[in-house]
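S.K.: below is the sequence, then the predicted model.
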Amino acid sequence: MPRGKFYDRGFLIGDSGCSAHARPQPQDLRARHIGHVIVNSTVDRPWPQYFCCMVGASREYVQNHPVATKRVMRALLKATDLCATQPTRVARQIVEGGFTPRYDYALQTFNEVPYDKWREYDPEDTIRFYALRMREGGFIRSTPIPWCGTTHHPIEPIPAGIANGGCGAL
């Protein structure tokens, strides 16, 4: 196994039938002709119409550190926009920074991941989608109500009825 990378050893030696991987592992496995892609969440619907990643913070942290919270959000959104608009530059920087050894895999990732779509996605819909998948998979038992006490500020305004911490809008 390559040093510093996580691989499902059972999958590599044939003891397990499937495995989940994050980039750049799928590219590496395809280059080595290991396995077949069953689901690619970048292109296979319904997965690509939802956020793959979200940022979370406790209400207490955001209230106690509003400037830090805003700076983190601004940095993440600027980085996302940079990945969308200048993928070759970002791919080169992460290789030069030692985060990944392969420029071609990095560039492929930046060209395939829809970094420019975040303004079109609905964070509440994403949370609901993944919560329902978790319930279907048996990871949670209760009916998911992800919007209860959740805000999507600064991307969205606080929904009416939830602003004061209650779930009255439900």
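M.R.: Cool, got the structure.

S.K.: just name the shakiest helix or strand of the chain by mean pLDDT.
M.R.: The least trusted helix or strand in the chain, going by mean pLDDT, DSSP states H and E, turns out to be helix 9-12, with a mean of 63.

S.K.: where does the chain have low pLDDT?
M.R.: For the chain, the stretches flagged by pLDDT under 70 are 1-23, 143-170.

S.K.: may I see the buried residues of the helix ranked longest in it?
M.R.: Selection of the longest helix in the chain by residue count, based on DSSP state H, yields helix 66-85. By neighbour count on 16 or more other Cβ atoms under 10 Å, the buried set for helix 66-85 is T69, M73, T80, C83, A84. Every C-beta, even on glycine, is put in place using the N, C-alpha and C of the backbone.

S.K.: what distance do you get for the residue positioned nearest the centre of the chain to P26?
M.R.: Closest to where the C-alpha atoms of the chain average out (Cα atoms, centre = their mean) is C53, at 2.2 Å. Applying Cβ to Cβ, to the nearest Å, one obtains 17 Å for the distance of C53 from P26.

S.K.: do W118 as well
M.R.: According to Cβ to Cβ, W118 stands 22 Å off from P26.

S.K.: got the CA coordinates for the longest helix of the chain in PDB?
M.R.: Once non-C-alpha atoms are left out, helix 66-85 reads as follows in PDB (Å, rounded to 0.1, in the frame of the first residue of the first chain):
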ATOM      1  CA  PRO A  66     -18.600  36.500  15.300                       C
ATOM      2  CA  VAL A  67     -15.500  38.000  13.700                       C
ATOM      3  CA  ALA A  68     -13.600  34.700  13.600                       C
ATOM      4  CA  THR A  69     -16.700  32.900  12.200                       C
ATOM      5  CA  LYS A  70     -17.000  35.500   9.400                       C
ATOM      6  CA  ARG A  71     -13.300  35.300   8.600                       C
ATOM      7  CA  VAL A  72     -13.400  31.500   8.300                       C
ATOM      8  CA  MET A  73     -16.500  31.600   6.100                       C
ATOM      9  CA  ARG A  74     -15.000  34.300   3.900                       C
ATOM     10  CA  ALA A  75     -11.800  32.300   3.500                       C
ATOM     11  CA  LEU A  76     -13.600  29.100   2.700                       C
ATOM     12  CA  LEU A  77     -15.900  30.800   0.100                       C
ATOM     13  CA  LYS A  78     -12.900  32.600  -1.500                       C
ATOM     14  CA  ALA A  79     -11.000  29.300  -1.700                       C
ATOM     15  CA  THR A  80     -14.000  27.600  -3.300                       C
ATOM     16  CA  ASP A  81     -14.300  30.400  -5.900                       C
ATOM     17  CA  LEU A  82     -10.600  30.100  -6.500                       C
ATOM     18  CA  CYS A  83     -10.800  26.400  -7.100                       C
ATOM     19  CA  ALA A  84     -13.700  27.000  -9.600                       C
ATOM     20  CA  THR A  85     -12.000  29.800 -11.500                       C
END
